[in-house]
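[1] Give me a model of this one.
(one chain, ligands or ions: 1)
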Amino acid sequence: MASPSVSTTVQSGRIRVLKEGSRPLDKAQGPVIYWMFRDQRLKDNWALIHAVDQANKAKVPVAVAFNLFNQFLGAKARQLGFMLRGLKQLQHEIEHKLHVPFYLFQGEATQTIPNFVDECGASLLVTDFTPLRQIRKAKEEICKQVNDSVSVHEVDAHNVVPLWVASEKLEYSAKTIRSKINKLLPEYLIDFPVLQPPNEKWVMEKQSVNWDNLIEVVLREGAEVPEIEWCDPGEKAAMEVLKGSKNGFLTTRMKNYHRDRNNPLKPKSLSGLSPYLHFGQISAQHCVLEARSIRKSYPQEVDVFLEELVIRRELADNFCFYQPYYDSMRGAWEWARKTLMDHASDKREHLYRREQLEKGKTADPLWNASQLEMVHYGKMHGFMRMYWAKKILEWTNDPEEALAISIYLNDKYQIDGRDPNGYVGCMWSICGVHDQGWRERPVFGKIRYMNFAGCKRKFDVDGYIAYVKGIIPQSKKRKAEDPCGTKANDSYLAS
Ligand SMILES: Cc1cc2nc3c(=O)[nH]c(=O)nc-3n(C[C@H](O)[C@H](O)[C@H](O)COP(=O)(O)OP(=O)(O)OC[C@H]3O[C@@H](n4cnc5c(N)ncnc54)[C@H](O)[C@@H]3O)c2cc1C
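    The predicted structure follows:
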């Protein structure tokens with residue numbers, strides 16, 4: 001895949017040419033369209049910067065287009081409400097601050113985006129990057145649909161080191177990708193330029209979106225999993241969570257992150273950034289720059305945080321990009337598949353159906369608490385996610401079923417679900433991806449094992465169960481009072 005021939009302020013390694021148009025970009029006449037998918041923000045967005053940059057070079061205007069799929073990957077009110085409320089703010093900001101129009105389409109992107117490109121006679125389509133197969137397939141199709149003269153550029157605006165630059169292959173573990181990423185950080189971990197309104201004005205009619213109506217519809221259709229109210233959507237809220245003076249992670253909560261991040265009774269010790277990172281409402285690169293700036297005061301905390309935010313997160317993207325079977329047993333390494341199959345018919349102490357698991361009706365009160373934390377609060381603590389998925393392996397008929405159930409539940413209830421981190425988290429827990437072999441035991445084979453007694457040694461299990469019991473009635477009350485979710489706007493972690 002080639003880098004673009006036209007110079008740009010965005011590093012060429014960050015951009016892939018998915019399609020070279022027949023008309024050279026410097027001779028372009030039609031506008032530039034940025035099809036925004038994963039990086040839903042105005043600030044610190046390399047894809048948007050590239051689109052504006054190219055438009056200025058060709059002396060043409062630029063517009064942003066967003067396509068709302070029908071319940072993409074099973075998204076419910078929880079995820080769609082958060083996303084659309086963020087987009088509503090984004091449309092306002094992008095139109096008023098950057099003077100770039102924002103168009104919203106609904107349906108299949110393979111139709112709406114080429115139609116729009118055609119309608120406005122665009123010369124260049126810019127997209128951001130995701131490794132998820134549905135969108136990669138859609139991009140292939142869009143490249144075929146658009147006119148010969150149109151170029152298509154993909155910009156990795158999500159990873160600090162562009163995925164295809166960090167590594168050209170499927171990496172085995174954090175150890176194998178860490179040195180590659182660290183070597184490239186001085187080149188890619190740079191400050192963002194200030195984005196100015198483009199030189200050329202958009203002349204086509206702008207679109208007015210009835211956001212409130214749209215939000216009402218998605219909340220009704222996805223009401224089975226209602227919105228959460230502790231996490232305000234949007235770029236401004238994301239910045240508050242990162243470094244707000246009241247409850248910001250770097251400003252007030254990061255102390256002891258390296259020690260407390262594995263204690264489910266201390267959820268505020270975690271950054272709480274995953275919803276914002278997932279929907280691209282904040283740039284990971286910006287978070288890294290901010291975290292680095294306080295490293296002198298908090299060296300251990302910052303180092304451990306960056307290991308998660310950069311190495312683990314970008315390793316997850318690497319897996320989903322280079323492993324076509326990123327969400328099935330076929331994606332596991334040979335040793336893991338073999339050991340799991342060797343133990344597939346081992347007798348299970350308990351066997352639960354998906355419905356029993358979904359309702360949190362197992363014999364293990366700790367597991368039930370984690371499941372209910374996810375269902376009602378919308379974000380299970382990171383430590384519990386590992387225990388939770390491993391128990392599903394222990395209690396279902398075979399590893400493929402365990403994987404399917406864990407992904408189904410994760411995607412349905414987590415506010416940060418439907419993410420490469422989620423697929424890799426389930427694959428790590430159940431199939432040993434990015435992990436090593438451990439002492440062999442029933443059902444798990446050589447896959448790392450976790451149990452109740454181990455959790456009891458690590459943290460106050462009863463305290464966690466009681467904490468989750470405390471959040472369930474609040475959530476049920478809200479659902480009863482407001483089934484369609486006319487959301488209250490409590491600020492994040494305010495309580
Ligand atoms: C079974 C399972 C399922 C998971 N599902 C998801 C999911 O759907 N979406 C999701 O974003 N993460 C998922 N994770 C990874 C991790 O648990 C969450 O990213 C984390 O708990 C989010 O909370 P935080 O942002 O407050 O975490 P912090 O500890 O503050 O981490 C900061 C950021 O680092 C990244 N990060 C942290 N841990 C990991 C990890 N293990 N792998 C990759 N990146 C990481 C995330 O982007 C996170 O937002 C899953 C892990 C497991 C074991």
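
[2] switch to C-alpha atoms for all contacts and neighbour counts from now on
    OK.

[3] which bits of this protein sit near the ligand?
    Applying CA under 6 Å from any ligand atom, we find that the chain lies next to the ligand at 270-274, 308-309, 312-313, 316, 381-382, 385-386, 389, 410, 416-419, 421-422, 425-426, 429.

[4] Pull out the buried members of those.
    Buried members of the residues of the chain next to the ligand, scored by 16 or more other CA atoms under 10 Å, are 270-274, 309, 312-313, 316, 381-382, 385-386, 389, 410, 416-419, 421-422, 425-426, 429.

[5] out of the residues you listed, which are inside strands?
    Assignment to strands by DSSP state E places none of these there.

[6] low-confidence ranges in the stretch 351-495 of the chain?
    478-495 (pLDDT under 70).

[7] Would you state the helices of it in chain order?
    Counting by DSSP state H, counting those that start in this stretch, the stretch 351-495 of the chain has these helices, from start to end: 354-358, 365-372, 382-395, 399-413, 420-431, 452-458, 461-481.

[8] most tightly surrounded among these?
    helix 420-431 (a mean of 25; mean count of other CA atoms under 10 Å).

[9] Contacts for it, please.
    The contact list for helix 420-431 (CA atoms under 8 Å, 6 or more residues apart in numbering) reads 131-132, 313, 316-317, 319-320, 326-329, 332-333, 336-337, 340, 386, 389-390, 393, 399, 402-403, 406-407, 410-411, 433-435, 447-448.

[10] For the chain, which segments are assigned as strands?
    15-19, 32-36, 62-68, 102-106, 124-128, 151-155.

[11] what sits up against the fourth one?
    Same thing as strand 102-106. With contact meaning CA under 8 Å, 6+ apart, strand 102-106 is reached by 63-70, 91, 94-95, 112, 206-207, 209.

[12] Which residues in it does the neighbour count mark as buried?
    Neighbour counts using 16+ other CA under 10 Å place 102, 103, 104, 105 of strand 102-106 among the buried residues.

[13] now the third one, nearest residue through space, not along the chain?
    Just to be clear, that refers to residue 104. residue 66 (4.9 Å; CA to CA, 6 or more residues apart in numbering).

[14] Distance to residue 156 added to the helices of the stretch 351-495 of the chain, as TSV?
    Shown next, in TSV, are the helices of the stretch 351-495 of the chain (distance: least, CA to CA, whole Å):
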stretch	distance to residue 156
helix 354-358	35
helix 365-372	34
helix 382-395	26
helix 399-413	23
helix 420-431	15
helix 452-458	38
helix 461-481	37
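
[15] Residue 108: how many residues sit nearby?
    Counted with other CA atoms under 10 Å, residues neighbouring residue 108 total 13.

[16] Not counting sequence-adjacent ones, nearest residue to it?
    Nearest non-adjacent residue to residue 108 (CA to CA, 6+ apart): residue 69, at 6.1 Å.

[17] ok, now which ones touch that neighbour?
    106, 107, 108, 109.

[18] hmm, try it at 7 Å
    By CA atoms under 7 Å, 6 or more residues apart in numbering, residue 69 lies in contact with 106, 107, 108.

[19] now the helices for the stretch 151-300 of the chain?
    163-166, 174-188, 211-221, 235-243, 257-260, 274-278, 284-292, 299-306.

[20] returning to what we had before: so can I have CSV of the strands of the chain showing mean pLDDT and distance to residue 83?
    Formatted as CSV, the strands of the chain follow (pLDDT from 0 to 100; distance: least, CA to CA, whole Å):
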stretch, mean pLDDT, distance to residue 83
strand 15-19, 97, 25
strand 32-36, 98, 13
strand 62-68, 98, 10
strand 102-106, 97, 13
strand 124-128, 98, 16
strand 151-155, 98, 21
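
[21] For residue 254, find the nearest of these.
    strand 124-128 (30.2 Å; CA to CA).

[22] so what strands line up beside that closest one?
    strand 32-36 (parallel), strand 151-155 (parallel) (DSSP bridges).

[23] Would you mind telling me which of those is nearest residue 441?
    The nearest among these, by CA to CA, is strand 151-155 at 44.9 Å.

[24] what's in contact with that closest one?
    Taking CA under 7 Å, 6+ apart as the rule, strand 151-155 contacts 14-21, 46-47, 123-129, 143.

[25] How about stretch 256-266?
    269, 270, 300, 301, 304, 381, 383, 384, 459, 464.

[26] could you measure the fourth one against the ligand, distance?
    Between residue 301 and the ligand the distance is 11 Å, computed by CA to the nearest ligand atom, to the nearest Å.

[27] Now do the same contact list for that residue.
    Counted by CA under 7 Å, 6+ apart, residue 301 has contacts 254, 255, 256, 257, 258.

[28] quick one: which of those residues is nearest to residue 294?
    Nearest member of the contacts of residue 301 to residue 294, counting by CA to CA, is residue 254, at 10.5 Å.

[29] how far does stretch 430-441 stretch from start to finish?
    End-to-end distance of stretch 430-441 (CA to CA, to the nearest Å): 14 Å.
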